[in-house]
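Engineer: heads up, no residue letters with this:
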Ligand code: NAD
């Protein structure tokens, strides 16, 4: 298949590489030149714009930071037309960014009006999952579009869920990430408490992993430096899933809660923690660096 891939960041780059490896003809675009170059070295074709990448494509996959970027790409920005108005063909549109369900529904409805099929297909599994091709895809949109996209998504992921109609993928993803934010901050809190009271963080992690506190952060994403080889914590929290993006997702959970009159006290607490952490200069570090918020001042 001819695939256009837009957004080659921490997640997009390894996802696009897996599409190349699966034998697809992949044309890429990102605002950052070095990101395009890295993909070219892996066998992808470069394009000078998103529109150029998507022209003639069977499928467009986008992996952008937030809703504003996704709306800009498909609906247009600053007077320039988006892909929905710029393209002659009707490629299947798959957005894997994490954005507000209402934004996904807005783009999906505009796409449908113009004869496109748009799926919101956010992912879970982190950069490790993106590299390994073992992501979970959580897809919202029409069943026919889901069936069409599934073989392609299987080249990048292991578990492919049809969550429901347009926006449902984003709702499920936001619930998941609210839980992840709570679990990561709770894990960091427990580790800091144990270490302050004389525990070795590796020993404590192993105990909690095998006990009732076990969770995804402890199993594969330990926030304490040096405990887990390959985790962001063991490479100065570089790369991975940025604090700013977690703060964004917890903000999306908060908006979803407001709109549905839901109560999310734990999610709100986590949002405040990650927003504070970001405000203190850690927005571009991996979100597991929330551990440093609990360690601040421990030597004083
Ligand atoms: P990132 O910031 O590393 O990458 C985003 C990329 O998009 C950057 O390379 C940026 O230059 C590019 N970009 C921005 N605007 C663009 C435009 N108009 N045209 C072309 N390229 C553009 O982010 P990421 O970690 O790859 O995350 C992408 C999305 O996936 C986010 O919505 C995030 O919440 C979600 N997500 C991330 C992870 C993770 O572990 N990093 C996991 C699951 C979901």
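Structural biologist: Structure's in. What do you need? Keep in mind that what you see is a predicted model, and the values were worked out from it rather than measured.

Engineer: is any part of stretch 173-188 close to the ligand?
Structural biologist: No - applying Cβ under 6 Å from any ligand atom, one finds stretch 173-188 out of contact with the ligand, separated by at least 7.5 Å. Quick note: C-beta positions are derived from backbone N, CA and C, even for glycine.

Engineer: could you number the chain from 562 rather than 1 from now on?
Structural biologist: Right, with 562 as the first residue, what we last looked at is stretch 734-749.

Engineer: give the buried residues for that stretch.
Structural biologist: Within stretch 734-749, the residues scored as buried using 16 or more other Cβ atoms under 10 Å are 734-735, 737-749.

Engineer: same thing with stretch 710-719?
Structural biologist: Buried, per 16+ other Cβ under 10 Å, within stretch 710-719: 710, 713-714, 716-718.

Engineer: gap between residue 624 and the ligand?
Structural biologist: Residue 624 sits 5 Å away from the ligand, going by Cβ to the nearest ligand atom, to the nearest Å.

Engineer: how close does whichever residue of the chain sits closest to the ligand get to residue 845?
Structural biologist: Using Cβ to the nearest ligand atom, the closest approach of the chain to the ligand is made by residue 570 at 1.7 Å. Distance from residue 570 to residue 845, counting by Cβ to Cβ, to the nearest Å: 12 Å.

Engineer: and what of residue 587?
Structural biologist: Applying Cβ to Cβ, the value for residue 587 to residue 845 is 27 Å.

Engineer: ok, the two, which is more surrounded?
Structural biologist: residue 587 (26 against 13; other Cβ atoms under 10 Å).

Engineer: beta partners of the more buried one?
Structural biologist: residue 564 (DSSP bridges).

Engineer: so it sits against residue 567, correct?
Structural biologist: No - Residue 587 is not in contact with residue 567 according to Cβ atoms under 8 Å; the separation is 11.1 Å.

Engineer: get me the contact residues on the stretch 612-761 of the chain for the ligand.
Structural biologist: Counting by Cβ under 6 Å from any ligand atom, the residues of the stretch 612-761 of the chain that sit close to the ligand are 624-626, 630, 633-634, 658-659, 684-685, 687-688.

Engineer: run through who's touching stretch 819-838.
Structural biologist: With contact meaning Cβ atoms under 8 Å, 6 or more residues apart in numbering, stretch 819-838 is reached by 663, 739, 742-743, 746, 804, 807-808, 811-812, 814-815, 817-818, 844, 848, 850-851, 853-854.

Engineer: which of the residues you listed are buried, as a ChimeraX select command?
Structural biologist: Here is the ChimeraX command that selects the buried residues among those (16+ other Cβ under 10 Å):
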select :739,742,743,746,804,807,808,811,812,814,815,817,818,844,848,850,851,853,854
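
Engineer: now, the contacts of stretch 819-838 that are in helices?
Structural biologist: Among these, DSSP state H puts 663, 739, 742-743, 746, 804, 807-808, 811-812, 814-815, 817-818, 851, 853-854 in helices.

Engineer: hang on, the earlier thing: widest-spaced pair of the residues of the stretch 612-761 of the chain next to the ligand?
Structural biologist: 633 and 687 (25.4 Å; Cβ to Cβ).

Engineer: so between the two, which is more surrounded?
Structural biologist: Set residue 633 next to residue 687 and count neighbours by other Cβ under 10 Å: residue 687 wins out with 22 against 15.

Engineer: confirm residue 723 sits in a strand?
Structural biologist: Yes - according to DSSP: H, G, I helix; E, B strand; the rest coil, residue 723 belongs to a strand.

Engineer: so for stretch 852-861, mean pLDDT?
Structural biologist: Averaging pLDDT along stretch 852-861 gives 79.

Engineer: for the residues of the stretch 612-761 of the chain next to the ligand, which one is nearest residue 773?
Structural biologist: residue 685 (22.9 Å).

Engineer: secondary structure class for the nearest residue to that closest one once chain neighbours are set aside?
Structural biologist: In space, residue 685 comes closest to residue 697 once its chain neighbours are excluded; the distance is 4.4 Å by Cβ to Cβ, 6 or more residues apart in numbering. With three-state DSSP as the basis, residue 697 sits in strand.
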